[in-house]
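*Asks:* got a predicted structure plus its sequence, pasted below:
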Amino acid sequence: MKFEEFSANDLVYLPEIEPPTWGNLAPRFQKFIQAEHCFPVKLTEGNRIIGIGTTICHEDSAWLACIIVHPEFRNKGLGKLITDYLVDSLDKNQFRTIYLIATDLGFPVYTKLGFEVEAEYFHLKIEELTAESSLSTEIISYREEFKDQMLNLDRAITGEFRFNSLREHIKTSLLYLEDGSVEGYYLPSLGEGHILARTSAAGTALLKARLQNSKLAIFPRTNQIALDLVNSLGFFHYATSRRMVLGQRRELPFENNYNRIGGHLG
């Protein structure tokens, strides 16, 4: 077995590897290949890909994502092998904090490697969407003049400088303004529709905007305001995932996260 860089030629082999509930991974890996801050790898045996994963590097933090073992090769320690390889590939002097989102399958593996649970995400859904309501008058479409405010808010809440991952999605965002200040944003084109907000008014308004066309909501368990809102609309809890950390921990306000990006970026 050996590790190699995952290339565009490998995209055709993803369907036999990806878990059925994860959807089509090809677009995501295409972006990993193209992005200078992402480093996707494959684990091969002979000419066969038996595992995949990637690192996503920010200024002083990194994410491990899409750590997947081929169904025919599970329960052989390969998930641990891939995770170890990705962790070891990172410069610990630069990337002092390493994150990942753990499914039930991966959780025991990551725990053994020293990752600790930092937060739990509730996954909620509804069978039928409720009637649409008008957007809050404080919500506007993205304007370039608010870019720095938006990025500063993102860094204040996440503790990370994530511009490389956000840049292609910023212009699709909806912003919640109060007295000319950006108090929250919603990125409909990023992952599962990311929402961060400094205030409950901004968070609930942006979450309502998102739920006009989405039957799913995923946010930290500690965000009681978001939980109360989706419960009032008829959503029900169906799964829980864990955000895990290795290295330097950062005190973060998870209650300001009103919808996560996805399993690849929290």
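*Replies:* Noted; the coordinates are in hand.

*Asks:* just the pLDDT for Gly263.
*Replies:* Note on Gly263: pLDDT of 86.

*Asks:* ok, now Glu132?
*Replies:* 69.

*Asks:* which residues of the protein fall in strands?
*Replies:* Shown for the chain, the strands assigned by DSSP state E span residues 2-5, 38-45, 48-57, 61-69, 97-102, 116-125, 139-141, 174-178, 181-187, 194-197, 216-220, 236-247, 257-259.

*Asks:* tell me the strands beside the longest one, with direction?
*Replies:* Looking back up the chat, that one is strand 236-247. Strand 236-247 pairs in its sheet with strand 97-102 (antiparallel), strand 116-125 (antiparallel), by DSSP bridges.

*Asks:* where does the stretch 51-200 of the chain dip in pLDDT?
*Replies:* 131-132 (pLDDT under 70).

*Asks:* now tabulate the strands of the chain in TSV and tack on distance to Val87 and mean neighbour count.
*Replies:* Heads up, the C-betas are built off the backbone N, CA and C, glycines and all. Below are those laid out as TSV (distance: least, Cβ to Cβ, whole Å; neighbours: other Cβ atoms under 10 Å):
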stretch	distance to Val87	mean neighbour count
strand 2-5	13	11
strand 38-45	12	19
strand 48-57	9	22
strand 61-69	7	24
strand 97-102	6	22
strand 116-125	14	17
strand 139-141	40	14
strand 174-178	36	20
strand 181-187	28	23
strand 194-197	25	27
strand 216-220	24	23
strand 236-247	7	17
strand 257-259	25	28
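
*Asks:* tabulate those (JSON lines), appending distance to Gly77.
*Replies:* Shown next, in JSON lines, are those (distance: least, Cβ to Cβ, whole Å):
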{"stretch": "strand 2-5", "distance to Gly77": "15"}
{"stretch": "strand 38-45", "distance to Gly77": "12"}
{"stretch": "strand 48-57", "distance to Gly77": "11"}
{"stretch": "strand 61-69", "distance to Gly77": "9"}
{"stretch": "strand 97-102", "distance to Gly77": "17"}
{"stretch": "strand 116-125", "distance to Gly77": "21"}
{"stretch": "strand 139-141", "distance to Gly77": "49"}
{"stretch": "strand 174-178", "distance to Gly77": "45"}
{"stretch": "strand 181-187", "distance to Gly77": "37"}
{"stretch": "strand 194-197", "distance to Gly77": "34"}
{"stretch": "strand 216-220", "distance to Gly77": "29"}
{"stretch": "strand 236-247", "distance to Gly77": "18"}
{"stretch": "strand 257-259", "distance to Gly77": "33"}
